[in-house]
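K.L.:
Generate a structure from the sequence data that follows.
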Amino acid sequence: MEYLAQDPGAPASALSPGGETVPASLDELEIRLGHSFLHRTLLEQALTHRSLTREGATRDGGPEGAGMAREDNERLEFLGDAVVGLAAAESLYLRYPDLSEGDLTRLRGALVSRRHLGQVARQLELGRYLLLGRSEENSGGRAKPALLANAMEAVLGALFLDAGIEGVRRVVEQLLIGPSAAQLREQLLTGAGIGDFKSGLQELLQARRLGQPEYCTTAESGPGHCKQFFVEVRCGNRMLATGAGRNRKLAEQEAARQALEMLRENPE
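P.N.:
The predicted model follows:
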C-alpha cells in the first residue's frame, strides 16, 4: 500500500472560528513523538476530525472536488486501539514477570484507557495540531478529553503504518508506560482504584435490569505473609464468576472482571 508523501516541512492547518487557517508545525509534534514520518499524510489524517470532512474541506483548501478529499482519523483510531493494546501487553509482560494474568489485564487497561490516552495527548499538546471543522472548533474541540484520546489512538495507528510495530513500541514505552507503570503497579498491589471492574459489572447488570452483584469470600489459603483469597460474585440465584487475589479487594476485582467478560460474550 502506498501513501503520498507531503513536504516534511509543511505545516498542518486548522480552521479557526472565523474560517481562516491557523498553522501548527507538524515538525514540533514529530519532535515530541521522537519520530519523523516518512509519509506525512498519515500524520495529517490522524489529526483530522470528522467535523472537517463533513464540512467538505479538502487538502488544498478549496471546495469539495477541487482537490483530494480529506479522510478523517476514525479508521486510524481503530487501528491504533489494537496496536497500542498489543504494545502495552508485551511491555508489561516483560516488565513484570511476577504479575498474574488478571493483574496484567488491569494494569494494561489503566494504561490504554481513554483517560490515560487523553492525559498523554494533553502532555503532547495534541490539541494544537488537530484539524477541525468550524463547528468543533467553536465548541472547544481542541480541549475535549474524548476527542484527544481518539486522536492519540489515531496517531499511534499512523505511526504503525509508517514505522511498524517497533515505532509504536518505542512511543508507547516512552509516553504511556514508562512515566506511569510503576505508580499504577503500586496501586494495583494495594487494591487501590485502577481497573475498577466492580463498577463496570454493576453498571452492566443495572443496564440489563438484572439486579445488584453480591460478593462472597469462599476460601482462604496460604501463610499470613502470602495469603490467597477466593471470591465468587453472584446476581440473584446465579453464580457469575469466581476470582482469586492476595487480598479480598483484588479477589473481588478479579471475579468482577471474569463476570464482565462472560456477560459481554453472552449478551442475552
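K.L.:
Where do the helices of the stretch 101-250 of the chain begin and end?
P.N.:
Here the stretch 101-250 of the chain has its helices, by DSSP state H, counting those that start in this stretch, at 101-111, 114-123, 134-138, 145-171, 181-189, 197-207, 248-265.
K.L.:
Mean neighbour count, the ones you listed: which tops it?
P.N.:
Each of those was assessed for mean neighbour count using mean count of other CB atoms under 10 Å. The highest is helix 145-171, with a mean of 22. No exception for glycine: its C-beta is placed from N, CA and C like everyone else's.
K.L.:
from the chain's centre, how far out does that helix sit?
P.N.:
10 Å (CA atoms, centre = their mean, to the nearest Å).
K.L.:
Report the contact partners of P213.
P.N.:
Applying CB atoms under 8 Å, 6 or more residues apart in numbering, one finds that P213 lies in contact with 198, 201-202, 205, 233-235, 240, 256, 259.
K.L.:
Out of those, which comes closest to E166?
P.N.:
A256 (35.5 Å; CB to CB).
K.L.:
The closest one touches F197, doesn't it?
P.N.:
Yes - here A256 reaches F197: they are 3.9 Å apart, a contact under CB atoms under 8 Å.
K.L.:
Nearest to T218, out of the helices of the stretch 101-250 of the chain?
P.N.:
Nearest of the helices of the stretch 101-250 of the chain to T218, taken as CB to CB: helix 248-265 at 9.4 Å.
K.L.:
for the closest one, packing partners?
P.N.:
Packing partners of helix 248-265 (3 or more CB pairs under 8 Å, 6 or more residues apart in numbering; DSSP states H and E): helix 101-111, helix 197-207, strand 213-221, strand 228-235, strand 238-245.
K.L.:
now that helix and helix 101-111, what's the angle there?
P.N.:
Per axes from the mean of the first three to the mean of the last three CA atoms, to 10 degrees, the angle that helix 248-265 makes with helix 101-111 is 80 degrees.
K.L.:
roughly how far is helix 248-265 from the heart of the chain?
P.N.:
Centre-to-centre, helix 248-265 and its host chain are 21 Å apart (CA atoms, centre = their mean).
K.L.:
the inter-axis angle of it versus strand 228-235?
P.N.:
Computed by the same axes, to 10 degrees, the angle separating helix 248-265 from strand 228-235 equals 40 degrees.
K.L.:
How about residues contacting helix 248-265?
P.N.:
Defining contact as CB under 8 Å, 6+ apart, one finds that helix 248-265 is touched by 102-103, 105-106, 191, 195-198, 200-201, 204-205, 208, 213, 215, 217, 229-233, 240-245.
K.L.:
Stretch 94-104 spans what distance, first to last residue?
P.N.:
One end of stretch 94-104 sits 11 Å from the other (CA to CA, to the nearest Å).
K.L.:
Stretch 241-249 too?
P.N.:
Stretch 241-249 end-to-end distance (CA to CA) = 15 Å.
K.L.:
Which positions in it come out as buried?
P.N.:
Within stretch 241-249, the residues scored as buried using 16 or more other CB atoms under 10 Å are 241-246, 248-249.
K.L.:
closest to L130 among those residues?
P.N.:
Taking CB to CB as the measure, L130 lies nearest K249 of the buried residues of stretch 241-249, at 39.3 Å.
K.L.:
what about the nearest residue to G236 once chain neighbours are set aside, neighbour count?
P.N.:
Distance criterion CB to CB, 6 or more residues apart in numbering; nearest residue to G236, sequence neighbours excluded, is G211 at 5.5 Å. G211 has 13 neighbouring residues, counting by other CB atoms under 10 Å.
K.L.:
Go ahead and confirm A143 touches R128.
P.N.:
No - counting by CB under 8 Å, A143 sits too far from R128 to count as a contact (10.6 Å).
K.L.:
In terms of neighbours, single out the busier of the two.
P.N.:
R128 (15 against 10).
K.L.:
L148 is in contact with that one, correct?
P.N.:
No - R128 is not in contact with L148 according to CB under 8 Å; the separation is 10.9 Å.
K.L.:
any idea which of the buried residues of stretch 241-249 is the one closest to G224?
P.N.:
Ranked by distance to G224 (CB to CB), the buried residues of stretch 241-249 are led by R246 at 11.5 Å.
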